[in-house]
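**Student:** Just a sequence and a predicted model for now, questions to come.
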Amino acid sequence: MKKTYYLFNPGTLQRKDNTIKFTPIEEDGNGVEREGQPRYLPVENIAEFYVFGALNANSALYNFLGQNDIAAHFFDYYENYTGSFMPRDGLLSGKMILAQTSAFQSKKRRLELARKFVEGAAFNMTKNLRYYNTRGKDLDGVIEKIEQYAAMLPKAEAVDEIMGLEGNIRQTYYEGFELIINDFSMGGRSKQPPKNEVNALISFGNMMCYSQCLRAIHQTQLNPTISYLHTPGDRRYSLSLDISEIFKPILVDRVIFKLLNKKELQEKHFELRLNKCLLNPSGKKIFVQAFEERLNETIQHRSLKRKVSYRHLIKLECYKLSKHLLGMEEYKPFKMYW
């Protein structure tokens, strides 16, 4: 099984015969930078890279990554997702692009898909809340309020209305974080920059989820720039934003609750600077490890009658959307059933 590699140290990534060589840059006790021990990675074992430190690379390396279907996702010092290197779109289909465009240009069809993305997200949010509601957290009021907003979705007549309801649902959902999380306060959603520890985790986790969805889309015939809930724009893969709405409660939020309530992440794992809060390197490693474990967890799939990982569930969601756009079967968003 191919692995995802996370590069936290700055360094050099290069091709070495049929392997990838990563040479990290490390600081000694006096703050002097030096080259660390190189690590050699067999190319057949690599799925993708997540790059959090400064990286030196050349075109020969990217050609090699492209030939071997290896993606690389880049984040800046402030944990902002800055872009991805994706291999050649070998699966892109003219027929699929026309189908995606046709659905976007049809007000009725776009509205239908936008509504389903939010319905799936709202259901999975309430599923999280119900889980903690049965474990001593009084979340009945939050659940009821979200269900009231979700009941208004079928009556929405424009995508902007659906986006407004999605915003209300998510704001209400975040109110529940104050009751679920024991030792940290969220104090409302803040981003760019996040102002406290919980917001820092949400922002970082959402970007991880977004890039996972982008990778899954790339492995199907879908074009990631044509979306239905989020408005397509320049220089962004907005379909990844659509699909990630469904999976953020399942993948990101459950990891956050676990890490904070089990005290695996503590104040010492964050950096507070002026009006921003960021995970420090050790905090990032803890979150990334837990996120990777979550992606590799398996559930018994009701339709396939076999176990599938959460990572594979994202790809299955893309296949379902593809079939819907091609008129093969109606799209139904993934909803937690356990």
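**Tutor:** Everything's here; your move.

**Student:** What are the buried residues along stretch 45-62?
**Tutor:** Within stretch 45-62, the residues scored as buried using 16 or more other C-beta atoms under 10 Å are I46, E48, F49, Y50, V51, F52, L55, A57, L61, Y62. Yep, even glycine has a C-beta here, placed from its N, CA and C like the rest.

**Student:** what's the closest of the residues you listed to M125?
**Tutor:** Nearest to M125 among the buried residues of stretch 45-62 is Y50, at 25.8 Å by C-beta to C-beta.

**Student:** Quick check on that closest one: phi, psi?
**Tutor:** Backbone torsions of Y50, given as degrees, to the nearest 10, read phi -110, psi 120.

**Student:** Now do the contacts for the residue nearest to it when sequence neighbours are not counted.
**Tutor:** Among residues not flanking Y50 along the chain, Y6 sits closest, at 4.6 Å (C-beta to C-beta, 6 or more residues apart in numbering). Applying C-beta atoms under 8 Å, 6 or more residues apart in numbering, we find Y6 in contact with F49, Y50, F52, K285, V288, E292.

**Student:** Kindly report the same for E245.
**Tutor:** So E245 contacts F117, V118, G120, A121, E166, L229 (C-beta under 8 Å, 6+ apart).

**Student:** all strands for the stretch 201-338 of the chain, in order.
**Tutor:** 270-273, 276-279, 298-300, 307-309 (DSSP state E, counting those that start in this stretch).

**Student:** Just tell me which of those strands ends up closest to L139.
**Tutor:** strand 298-300 (23.3 Å).

**Student:** Who are the packing partners of the closest one?
**Tutor:** Packing partners of strand 298-300 (3 or more C-beta pairs under 8 Å, 6 or more residues apart in numbering; DSSP states H and E): strand 307-309, helix 310-325.

**Student:** starting at the chain centroid, how far to the longest one?
**Tutor:** Okay, so that is helix 310-325. 15 Å (C-alpha atoms, centre = their mean, to the nearest Å).

**Student:** what does the shortest one give?
**Tutor:** Centre-to-centre, strand 307-309 and its host chain are 18 Å apart (C-alpha atoms, centre = their mean).

**Student:** Can you point out the buried residues in it?
**Tutor:** So for strand 307-309, nothing qualifies as buried (16+ other C-beta under 10 Å).

**Student:** tell me the mean pLDDT over that strand?
**Tutor:** Strand 307-309 carries an average pLDDT of 94.

**Student:** Tell me the helix or strand right after the helix or strand harbouring Y132.
**Tutor:** Element membership for Y132, per DSSP states H and E: helix 107-133. Sequence order places helix 140-151 as the next helix or strand after helix 107-133, per DSSP H and E.
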